[in-house]
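Visitor: turn this into a model:
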Amino acid sequence: MPHNEVGEFQRGRAKELRRVMTRAETLLWRQLKAHRLANLGFRRQAPMGVYIADFVSHASKLIVEVDGESHDFVERIAHDARRDAWFAARGYRVLRFSNDDVMKNLEGVVLAIGEAATCGTPPSLTLPRPAKLHFARGGGSTPANGAKTCP
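Guide: As a prediction, the model looks like this:
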């Protein structure tokens with residue numbers, strides 16, 4: 001996203017949000033940073049136009065939002081729909097998870113994000129439970145249950 005679409009206020013606000021991330025955002029960021037997920041680069045609290053995305057992978061055109069209880073109200077749901085439409089108009093897909101999802105099933109959330117980012121498809125409505133990994137001699141890992149991979 002070109003910098004000229006982002007105002008100084010948004011940049012300052014994003015910087016502040018990076019300093020005061022929620023517990024759920026912090027836990028998820030530990031899994032996404034430094035290309036840890038499918039070798040994809042994610043940015044946190046990234047200003048885009050008039051909005052700030054919780055996490056964005058520009059390479060896969062994927063935005064991940066971690067929502068608290070305030071997103072359960074009708075007016076907030078409508079605002080989120082407008083926001084998601086704005087991102088979609090620019091070619092981005094938006095995945096939304098609740099704080100509760102992240103806190104109780106972090107591995108499932110990370111698997112869903114990885115699948116959406118690498119396959120280009122949205123995850124199912126239910127979060128996956130992580131498969132146990134077994135390690136081959138080469139040091140790599142593969143899902144023990146033969147989990148699906150992208151074609």
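
Visitor: when you work out contacts or count neighbours from here on, use the C-alpha atoms and nothing else.
Guide: Noted.

Visitor: can you give me the strands for this structure?
Guide: Applying DSSP state E to the chain gives strands spanning 43-48, 51-57, 62-67, 93-98, 133-135, 141-143.

Visitor: mind listing what's buried along the second one?
Guide: Read it as strand 51-57. 52, 53, 54, 55, 56, 57 (16 or more other Cα atoms under 10 Å).

Visitor: who's in contact with the first one?
Guide: It stands for residue 52. 10, 14, 45, 46 (Cα atoms under 8 Å, 6 or more residues apart in numbering).

Visitor: out of the residues you listed, which is nearest to residue 102?
Guide: residue 45 (16.8 Å; Cα to Cα).

Visitor: hmm, back to that, CSV for the strands of the chain, including mean pLDDT?
Guide: Listed next are the strands of the chain as CSV, based on pLDDT from 0 to 100:
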stretch, mean pLDDT
strand 43-48, 92
strand 51-57, 93
strand 62-67, 93
strand 93-98, 94
strand 133-135, 43
strand 141-143, 40
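
Visitor: figure out which of the ones you listed is closest to residue 19.
Guide: Among the strands of the chain, strand 43-48 sits nearest to residue 19 (Cα to Cα), with 9.7 Å.

Visitor: helices and strands around the closest one, which ones?
Guide: helix 8-19, strand 51-57 (3 or more Cα pairs under 8 Å, 6 or more residues apart in numbering; DSSP states H and E).

Visitor: contact partners of the first one?
Guide: Counting by Cα under 8 Å, 6+ apart, helix 8-19 makes contact with 44, 45, 46, 47, 50, 51, 52, all of which sit outside it.
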